[in-house]
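Participant: requesting a structural model of the entry that follows:
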Amino acid sequence: MLLIAFVVSGFANQSIAQQTGQQIMEKVYNNPSGDDTQGNLSMTLTNNRGEQRVRTLKQYIKDDGKVEKKIMYFLSPADVRNTSFMNWSYSDGQSDNQWIYLPALKRTRRISSDSKSDYFMGSDFTYDDLGDRHPNQDTHKLLREETIEGKECYVVESTPKESGYIYSKTITWVMKDNYLGLKREFYDDRGRLLKVLSIKNFAKVNGFWTILETEMHNVQRDHKTTMKFTDVEKNKGIPDSRFTERSMTLGS
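Facilitator: Below is the predicted model of the structure:
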């Protein structure tokens, strides 16, 4: 029995060692998150002088296995209140659909592919960052294994297949035990480090690993955006009617 256990264990370890960058990033992409998620978001913008602006939002997410739908409503401060953003990501790899509602203009605008490199509401996240990039859109290479912040990680380099993408590459540290990305570096079109995304807090919510706090640091302009997700609830039965252009105009 010991020999059999040793052989089985050996094959299991060999299987893990032989994982490719593509397989690792597919596991990140397919990490189960529940049928739906809702909660409160706080977005803190910090400039290079340490000055901060804080925004509060309500977020809803629903995933039926084919389409992941996300909608965010700004609650405060007054200058952004009632602004909303919606993203639909598709499991078949087609490009995300995105919309933003601007109450001052009283209209919903579709985000074009040319605008996805724009920064979202003054933050360090582009519209593209707020989507869910499909692993087949990039070529993935496992660079090494590394321990950071006490977590054993795979380090995977992802290079876009299409020309003209806003990042020349990203490098992601993926935790081995739960396949959450702990850290990601974004490189600009000249190959220089542009931004670093760090996961500051994560936990299991109703049995699903959930990211609760992130920080995006634009190292080129020394500006940071921190996002905290609180009062998180899973599988509450959010209706499809929540994720429509009409719903964007009605508020949270």
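
Participant: name the helix or strand for the nearest residue to Phe243 once chain neighbours are set aside, please.
Facilitator: Residue nearest to Phe243 in three dimensions, not counting chain neighbours: Lys69, with 4.0 Å by Cβ to Cβ, 6 or more residues apart in numbering. C-beta coordinates here come from the backbone N, C-alpha and C atoms, glycine included. Under the assignment given by DSSP states H and E, the secondary-structure element containing Lys69 is strand 67-76.

Participant: remind me which residues of the stretch 51-200 of the chain are low pLDDT?
Facilitator: Under the criterion of pLDDT under 70, none of the stretch 51-200 of the chain is flagged as low confidence.

Participant: switch to 90 and redo it
Facilitator: 65, 91-95, 105-106, 113-114, 131-132, 163-164 (pLDDT under 90).

Participant: which residues in it form helices?
Facilitator: In the stretch 51-200 of the chain, no segments count as helices under DSSP state H, counting those that start in this stretch.

Participant: show me where it has its strands.
Facilitator: Assigned by DSSP state E, counting those that start in this stretch, the strands in the stretch 51-200 of the chain fall at 52-63, 67-76, 84-90, 97-102, 107-110, 138-148, 151-160, 169-175, 181-187, 193-205.

Participant: can you redo those strands as JSON lines with mean neighbour count?
Facilitator: Compiled in JSON lines, the strands of the stretch 51-200 of the chain are given as follows (neighbours: other Cβ atoms under 10 Å):
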{"stretch": "strand 52-63", "mean neighbour count": "18"}
{"stretch": "strand 67-76", "mean neighbour count": "20"}
{"stretch": "strand 84-90", "mean neighbour count": "20"}
{"stretch": "strand 97-102", "mean neighbour count": "19"}
{"stretch": "strand 107-110", "mean neighbour count": "12"}
{"stretch": "strand 138-148", "mean neighbour count": "15"}
{"stretch": "strand 151-160", "mean neighbour count": "19"}
{"stretch": "strand 169-175", "mean neighbour count": "21"}
{"stretch": "strand 181-187", "mean neighbour count": "19"}
{"stretch": "strand 193-205", "mean neighbour count": "16"}
